[in-house]
Structures are given as C-alpha cells and as structure tokens.
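[1] Show me the folded form of this:
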Amino acid sequence: MRILDMKPKNKLRNILLLAALLLLAAPSVAQANLILNPSFEDPGANWTYDNVDWWTGAATAKDGVYIIDLNSSTPGSISQSFATTIGQQYGVTFWLAGNPEEGSTTKYMQVTAGNVPNRQFSFDINGYTLENMGWTEKSFLFTATGTTTTLLFESLSPGWSGAVIDLVSVDAVPLPATLLLLGSGLVGLLGAGRRWRKL
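    Model (predicted):
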C-alpha cells in the first residue's frame with residue numbers, strides 16, 4: 001500500500017489551496033453603524049443640512065426625541081459623509097414618516113449613496129397624527145464608488161411640511177456565507193486528493 005505524496009503536484013492545486021485558505025481566513029465585515037448622530041439627538045452635529053427642521057416634543061420620534069422634517073419653509077436636504085471601501089456593498093436603513101400638519105397627503109423624498117442615485121420613497125400621512133406618526137422602516141443597498149461616500153436625503157415635496165426621517169444607519173454587508181462555504185468545499189476537495197491513493 002502506497003501513500004500519496006503530501007507535496008502539491010501542480011501549480012493549480014497550490015492556487016486552489018491558497019484561494020480556499022484566503023476565503024476561510026477573510027473575516028466577515030463587522031456590522032457597525034457608520035453614521036454619527038443617527039437619531040439626530042445632538043442637533044446640528046455631524047450632519048450637513050439645508051432648510052430642514054429638527055423637531056423635538058411636537059411629534060413622537062422613532063428613537064429618542066428628535067426627528068428631521070425634510071421641509072422647513074421650502075424643500076430641504078440633509079447629508080453625512082463617511083469612509084468606505086471601493087467595491088464594498090453597504091446597507092442603508094432609516095425610518096420614514098410624514099409631517100401630518102399641512103400640504104399634500106403623500107410626502108416624497110429621495111436618497112443618494114454610492115452607485116445609487118436618487119432612490120425615491122413616499123409616505124401617505126392619511127390616518128396618522130403627531131402622536132402616531134406611523135414610522136415605517138426603509139432600506140436599500142449600494143456599492144461604494146470611492147473611499148468616501150455621502151448619504152444624502154432630499155425632499156421632493158413643496159411647502160413647509162414634508163417627509164420625516166429618524167434613526168439612520170449604514171452598515172457594511174458581511175461576506176456572504178456562500179463564499180465561506182465555497183472556501184470550505186475547496187479545502188475539502190484538496191484534502192480528499194491527499195488521501196490514500198490505492199493498493
């Protein structure tokens with residue numbers, strides 16, 4: 001009975017082994033919110049804004065006590081920039097409602113980040129009040145196109161009463177489990193090739 005030589009027999013096996021080991025060694029990207037002051041609890045801090053209202057007390061916030069109405073006297077915007085890795089995918093999550101005090105019954109807004117420009121959202125204020133805002137979670141994915149990405153919220157509704165946002169988060173999407181399983185499979189296949197050959 002002869003044992004297969006444990007040394008790699010060709011360059012392809014070396015390459016496959018290295019690829020599998022790299023996949024297994026690559027850590028999943030830790031999910032940590034890249035947004036500072038995500039619930040707007042420190043008014044004015046970390047965000048760049050134009051013509052928005054930092055509400056407190058008048059309406060029920062999703063988190064904390066402050067919320068952002070994307071309209072003040074006219075449609076406004078609010079944004080924040082953060083470090084990203086080119087080609088990395090990120091998830092954006094925020095909570096959306098609408099100012100029920102004035103204007104059209106449907107409030108419109110859009111979000112821009114990375115390779116996703118002008119992603120539009122709307123909220124129907126029918127049946128909602130300042131005490132019951134009807135907060136709805138919204139989310140989408142984008143891929144970073146630079147080492148810095150700006151998340152931009154813009155109102156698309158006229159007047160002084162617009163879409164309202166709270167509790168914003170941006171998280172790097174972890175390495176897919178299927179990629180890790182692929183790495184495990186490659187290691188298994190390479191290991192199988194090193195077993196007993198035959199009598």
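[2] Which element, helix or strand, includes the residue nearest to the spatial centre of the chain?
    When the chain is reduced to its mean C-alpha position, the nearest residue by CA atoms, centre = their mean turns out to be G91, at 1.8 Å. Secondary structure from DSSP states H and E places G91 in strand 89-98.
[3] Could you check that strand and say which residues are buried?
    Buried residues in strand 89-98, counting neighbours by 16 or more other CB atoms under 10 Å, are found at Q89, Y90, V92, T93, F94, W95, L96, A97, G98. To be clear about C-beta, it is placed using only N, CA and C from the backbone, and glycine gets the same treatment.
[4] Just checking: what are the partner strands of it?
    strand 136-143 (antiparallel), strand 163-172 (antiparallel) (DSSP bridges).
[5] which of those strands is buried the deepest?
    Of all those, strand 163-172 has the most neighbours on average by mean count of other CB atoms under 10 Å, namely a mean of 22.
[6] if we can go back for a sec, and the buried residues of strand 89-98 as a markdown table, adding pLDDT and distance to T148?
    Shown next, in a markdown table, are those (pLDDT from 0 to 100; distance: CB to CB, whole Å):
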| residue | pLDDT | distance to T148 |
| --- | --- | --- |
| Q89 | 98 | 16 |
| Y90 | 98 | 13 |
| V92 | 98 | 16 |
| T93 | 98 | 20 |
| F94 | 98 | 20 |
| W95 | 98 | 25 |
| L96 | 98 | 25 |
| A97 | 98 | 29 |
| G98 | 97 | 31 |
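[7] thinking again about what came up before, and the residue nearest to the centre of the chain, what are its bridge partners?
    With DSSP bridges as the rule, G91 is bridged to L141, D171.
[8] From what I see, it and L151 are in contact.
    No: in this structure, G91 is not within contact of L151 by CB atoms under 8 Å, at 11.6 Å.
[9] Find the residues that touch each one of those two.
    V170 (CB atoms under 8 Å, 6 or more residues apart in numbering).
[10] Could you list the low-pLDDT ranges of this protein?
    1-31, 175-199 (pLDDT under 70).
[11] Try it again at 50.
    Applying pLDDT under 50 to the chain flags the ranges 1-6, 16-17, 19-30, 177-184, 186-187, 189-190, 192, 194-199.
[12] care to break it down by domain?
    1-28+175-199, 48-174 (automatic domain parsing).
[13] Pick the most buried one from those.
    domain 48-174 (a mean of 18).
[14] Which parts of the chain are helices?
    11-25, 177-192 (DSSP state H).
[15] re earlier: in TSV: the buried residues of strand 89-98, plus distance to W160.
    TSV is the format used below for the buried residues of strand 89-98 (distance: CB to CB, whole Å):
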residue	distance to W160
Q89	37
Y90	32
V92	26
T93	27
F94	21
W95	21
L96	18
A97	16
G98	13
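[16] right, so of the strands paired with strand 89-98, which gets closest to A45?
    The closest of the strands paired with strand 89-98 to A45 is strand 163-172. By CB to CB, the value is 13.4 Å.
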